[in-house]
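>>> Everything below, folded, please.
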Amino acid sequence: MPLARLLKNLGALLADRRGNVAMIFALSLMPITLLAGGAVDLNQAMTARTRLSQALDAAALAVGVNTSLSDADALRIANDFIAANYPNNRVGTVTSITVVIDDDTDTVTVTGEATVDTIMLGLAGIDHLTVGWESEVQRARQRLELVMVLDNTG
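Modelled structure (predicted):
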């Protein structure tokens with residue numbers, strides 16, 4: 001008899017559906033928290049990308065003003081402008097900067113990447129996010145012709 005009653009109680013326990021909402025909520029709480037925290041981490045990455053774009057634009061304009069720079073001098077000027085416009089005490093860390101001067105098209109291209117450490121996405125194994133940007137400017141030209149025409153025929 002006790003075995004039959006135990007099996008009956010076990011069957012009743014398995015058939016009972018009360019409390020399922022609490023169990024489903026408890027199981028889904030971790031993914032929901034991870035997604036909400038991941039949104040905050042992605043917002044930080046987009047903030048770092050905006051800051052990186054502004055710093056690279058300033059660096060590209062600074063390099064583009066000078067028409068006769070070596071690659072080393074151009075990289076030094078770009079790094080100085082990026083350090084001034086992207087301080088280390090803010091979100092993200094600049095990891096790589098490249099400067100390409102194309103003499104055929106008279107353009108300067110400055111490319112950079114920044115890494116942002118994550119908080120909540122670290123729970124999913126994503127320790128940092130990398131954002132990148134590329135700024136291209138037309139170099140200043142030394143030769144300029146200015147023509148002015150005055151029509152006095154009335």
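
>>> Show me what counts as buried in stretch 63-76.
63, 64, 69, 74, 75 (16 or more other C-beta atoms under 10 Å). Backbone N, C-alpha and C define where each C-beta goes, glycine included.

>>> just those residues now: which is nearest residue 120?
Among these, residue 75 lies closest to residue 120 (C-beta to C-beta), at 35.9 Å.

>>> which residues does the residue nearest to the spatial centre of the chain form a beta bridge with?
Residue closest to the mean C-alpha point of the chain, counted by C-alpha atoms, centre = their mean, is residue 131 at 3.2 Å. With DSSP bridges as the criterion, residue 131 is bridged to residue 114.

>>> Correct me if wrong: it contacts residue 50.
No. With contacts counted by C-beta atoms under 8 Å, residue 131 stays clear of residue 50, the gap being 9.2 Å.

>>> Can I get the buried residues of stretch 63-76 in a markdown table including distance to residue 2, pLDDT and secondary structure?
Output for the buried residues of stretch 63-76, formatted as a markdown table (distance: C-beta to C-beta, whole Å; pLDDT from 0 to 100; DSSP: H, G, I helix; E, B strand; the rest coil):
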| residue | distance to residue 2 | pLDDT | secondary structure |
| --- | --- | --- | --- |
| 63 | 87 | 90 | helix |
| 64 | 89 | 87 | helix |
| 69 | 92 | 82 | coil |
| 74 | 88 | 89 | helix |
| 75 | 84 | 90 | helix |
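
>>> Please identify which two of these are farthest apart in space.
Greatest spacing in the buried residues of stretch 63-76, by C-beta to C-beta: 64 and 75 (13.7 Å).

>>> Would you mind measuring from residue 85 to residue 153?
Distance of residue 85 to residue 153, given as C-beta to C-beta, to the nearest Å: 53 Å.
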